[in-house]
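Engineer: coords please:
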Amino acid sequence: MALLRGLFWFVLFLFFTFCFVVLFEYGTHDFVAGFQKEFERVKTFAMEATKPGAKDKDKAKDKK
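Structural biologist: Residues are numbered from 1 along each chain as shown. Just a heads-up that it's a prediction; the model follows:
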C-alpha cells in the first residue's frame, strides 16, 4: 500500500511540475493551448525514446 501511495504522490508531483512549467512559459492567457502543445511534445519525445534505433534493427537482423 505504501508503494501505491508513493507512486500516487510521484505522479501528482510530475503533473504539477508539468503545469508549473507550462504556466511559466505560456502564462495564464494561453495555458490550455500551451498545455496541449507541451503534452504533444512530451508524448512525441516518449514515443521516439522508446522506439528502437536503426542500429538496433540492423543488429537484430544480423543475429537471425
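
Engineer: who's in contact with residue 35?
Structural biologist: 19, 22, 26 (CB atoms under 8 Å, 6 or more residues apart in numbering). For glycine as for every other residue, the C-beta is placed from the backbone atoms N, C-alpha and C.

Engineer: how near is it to residue 10?
Structural biologist: According to CB to CB, to the nearest Å, residue 35 and residue 10 sit 20 Å apart.

Engineer: show me which helix runs longest in this structure.
Structural biologist: helix 2-26 (DSSP state H).

Engineer: what's that one in contact with?
Structural biologist: 31, 33-35, 38-39, 42.

Engineer: from the chain's centroid, how far away is it?
Structural biologist: 11 Å (CA atoms, centre = their mean, to the nearest Å).

Engineer: on that earlier part again, of the contacts of helix 2-26, buried ones?
Structural biologist: Among the contacts of helix 2-26, those buried by neighbour count (16 or more other CB atoms under 10 Å) are 34-35, 38.

Engineer: in helices only, show me the residues you listed.
Structural biologist: Those of those lying in helices (DSSP H): 34-35, 38.

Engineer: neighbours of residue 24, just the number please.
Structural biologist: 9 (other CB atoms under 10 Å).

Engineer: mind pulling the model confidence for it?
Structural biologist: What the model reports as pLDDT for residue 24 is 96.

Engineer: secondary structure element holding the spatially most central residue of the chain?
Structural biologist: For the chain, the residue sitting closest to the mean C-alpha position, by CA atoms, centre = their mean, is residue 42 at 4.0 Å. Following DSSP states H and E, the helix or strand that holds residue 42 is helix 31-50.
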